[in-house]
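>>> Need the 3D shape of this:
(2 chains)
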Amino acid sequence: MTEPHRAALREAAADGVSCDGLVVSQNENGYTFETPATRHEGLSKEAFDAVAADHPWLVSNWDYWQSLDDPARRAFLRDLEGADGTSVATRYETLSDGLSTEWGELHITAAITETGERTYRVCHVTDAGVNAETLASYTDPLDARDIAKRDADGRYRPLKTAPTLAGGWEFVSLSGRDLLRTVDFFYPATVANWYRERESELDVTHFRETAERQTGIYDIIDELPVEAVEWVAEACCVDSQCLKRREWDEDAETPLSVPRGEGEFPCREPCSLVVAAARKWTKLEQESEQTYELTLTESEFEQLGELVEAVSEGRVAEIREADVYDGANRYRARYLRAKRLTDGRFER
Amino acid sequence: MKALVIAAHGSHLNAESSTPTFAHADTIRAAGVFDEVREAFWKEEPSFREVIRTLESDEVYVVPLFISEGYFTEQVIPRELRLAGWDVADWDSDGLSATHVTLTSEDTGKTVHYCGPVGTHESMTDVIIRRAESVTGDPEVGPDFGLAVVGHGTERNANSAKAIHYHADRIRDSGRFTEVEALFMDEEPEVDDVTDFFESEDIVVVPLFIADGFHTQEDIPEDMGLTDDYRTGYDVPATVDGHRIWYSGAVGTERLMADVILERAADAGAPVGDAVETVREATRAVGGGQ
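The predicted model follows:
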């Protein structure tokens, strides 16, 4: 804590201060300085500064939180250090060792420097125990945009909350504001929506309403039947595909049966990827069903299921080159193609 | 606090679609005249739908990083931003003249100064010229050069062609280039026949597109005969029918685009101070495209 913090607190006394057990006020008799343990009244300016100097953590704690106006940002940062359930003294002791939280695939550590300044570090959850010297170190939140752009295999991540964030990096020495910018570049709008949900103000837009709002090439998605909306959610919106917790349904009266997910931050409406995919499925659902007669062995029939499973679970790259016991093995698929397909189509 | 939001299309498929948007945002951040600068996208995140709530600022300037007035600027962006009472008539535009309108975003209560697209701003003309300087490496390029401003062109939106003609006319009127033509991918006069429209041996071809992608990297180079197969690349300049074609790629990747974004916000009342000059200077290096 520094002298300017004390002076700022003294100046704020006229309007009254109440922050985490510190209560400060001013009247015609002088200043009042109250902590959970003590109360000083009728203080002169000099006496006030002397008392404040005896409570550096309470003063620096006040100074930090009074600098954060935005309620969502403030709530997020206070949550990181469990501020609403612990005393300043306990918190500062805990923060001196660092206090960590997970946010999606982000591992966020709040800490406090010897001079009482909050500082934050972010890394990938899988890197939480890794020697920091092996990680690429960043201090500019803007760099998060590049990290978030591609997965560990270099593939483009159009969905920021897909559980495919690459590791190998850390952001260090972030201020509270820069931590929030970093989080927002990794997971845009998640803090804002988390806070709205916490305040019971989350503005959920259900699938049907989202569909009816669409124009242009997406205008058709309101023709998607409700059972297909279930399949859309099962395909796109479960934990294995997206870290958001789905809060939208078919409409307010028609919940979907697909699990909403366990994510920390809510999904308040179908995203642009779901809308774009729904357009394709709307067109596909408009085709009439037919009965096909294919000639397959029992094993070949089973293999079709294994192929769909492997692609659906993103398991194809994991299947070993020579593991011909797996129906989705490349040689197995090529054999099936050689035997049963002509120009990429099953013979029938 | 005041924020600037750059509203761009983005892509589900192309990782580089957002790159120019990020670059221009960074240039404006460095100028330091807004408390917050944020990119927002139709196909990426933050979405138009949720970007306003990510901002601390109560006053937000939204500049669409689009070439022409039309479907996105008139329907999609105002709808997704939830601009209360939006009516395209408030822009009172002839298809080129939208400046801004001030409305409230319904879900946040914040004040949004919704601006016209970058592509129709008069300073976009300077970006096209700067692009020609960048691709030729000549800050004085113009005499004995032809310049083709290339647009997508579509029968569905007449404004698309208006923006191309507007800038081509302004450059022609300036007299800097010996010849100037407006050409199109999907309507006459077509860019396929670019060499038919110029007598100058050297022709700079600048596509009025926001980001490089399928059209600017594949279609146009192949259509003009710069290459038989875009995957093998092309020379700059490339020789076609005895002309040297200096093909610049999307104008939107030129660093000076940041200036147009700033000017759009300034026209809507944003206190940008001398940032316009700062950005013009900072982006001046020839070859400064991304």
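
>>> which residues sit against stretch B:119-128?
By Cβ atoms under 8 Å, 6 or more residues apart in numbering or on different chains, the residues outside stretch B:119-128 that reach it are B:66-69, B:96-98, B:118, B:147, B:149, B:159, B:162-163, B:166-167, B:170-171, B:206, B:208, B:210, B:251, B:254, B:256-257, B:259-260, B:263-264, B:267. All C-beta atoms are positioned from the backbone trio N, CA, C, and that covers glycine.

>>> Weed out the non-buried ones from those.
B:66-69, B:96, B:98, B:118, B:147, B:149, B:159, B:162-163, B:166-167, B:170-171, B:206, B:208, B:210, B:251, B:254, B:256-257, B:259-260, B:263-264, B:267 (16 or more other Cβ atoms under 10 Å in any protein chain shown).

>>> Now do the contacts for the nearest residue to residue B:65 once chain neighbours are set aside.
Excluding the flanking residues, the one nearest residue B:65 by Cβ to Cβ, 6 or more residues apart in numbering or on different chains is residue B:8, at 4.1 Å. Neighbouring residues of residue B:8 by Cβ under 8 Å, 6+ apart: B:18, B:21, B:39, B:40, B:41, B:42, B:64, B:65, B:66, B:210, B:211.

>>> same thing with residue B:235?
With contact set as Cβ under 8 Å, 6+ apart, residue B:235 has these partners: residue B:226.

>>> Out of the contacts of residue B:8, list just those in strands.
B:39, B:40, B:41, B:64 (DSSP state E).

>>> Name the residues of the stretch 101-250 of chain B found near chain A, please.
Contact residues (Cβ under 8 Å from any Cβ of the partner chain) of the stretch 101-250 of chain B with chain A: residue B:107.

>>> any low-confidence regions in chain A?
Flagging of chain A using pLDDT under 70 yields the residue ranges A:1-2.

>>> Could you list the contact residues of it toward chain B?
Contact residues, chain A versus chain B (Cβ under 8 Å from any Cβ): A:69-70, A:73, A:142, A:145, A:149-150, A:156, A:158-161, A:184, A:188-189, A:191-193, A:196, A:203, A:213, A:215-216, A:268-269, A:271-273, A:276.

>>> ok, back up a step: from the buried ones among the contacts of stretch B:119-128, which land in helices?
B:159, B:162-163, B:166-167, B:170-171, B:257, B:259-260, B:263-264, B:267 (DSSP state H).

>>> Can you tell me which of those residues is closest to residue A:312?
Nearest to residue A:312, judged by Cβ to Cβ, of these is residue B:257 at 41.4 Å.

>>> what's near enough to touch that closest one?
Under the criterion of Cβ under 8 Å, 6+ apart, the neighbours of residue B:257 are B:20, B:24, B:65, B:118, B:127, B:251.

>>> do you know how far the residue nearest to the fourth one when sequence neighbours are not counted is from residue A:117?
Spelled out, it's residue B:118. In space, and not counting its chain neighbours, residue B:118 is closest to residue B:260: 4.5 Å by Cβ to Cβ, 6+ apart. Look at residue B:260 and residue A:117: by Cβ to Cβ, to the nearest Å, they are 40 Å apart.

>>> Over to residue A:66?
Distance from residue A:66 to residue A:117, counting by Cβ to Cβ: 14 Å.

>>> same deal with residue A:258?
Separation of residue A:258 from residue A:117 (Cβ to Cβ): 45 Å.

>>> circling back: backbone phi and psi for the residue nearest to residue B:65, please?
In terms of degrees, to the nearest 10, the main-chain angles of residue B:8 are phi -120, psi 170.

>>> Neighbour-wise, give me the winner out of the contacts of residue B:8.
residue B:64 (30 neighbours; other Cβ atoms under 10 Å in any protein chain shown).

>>> thought that one was touching residue B:117?
Yes - using Cβ atoms under 8 Å, residue B:64 is in contact with residue B:117, at 4.5 Å.

>>> Common neighbours of these two, please.
Common neighbours of residue B:64 and residue B:117 (Cβ under 8 Å, 6+ apart) are residue B:73.
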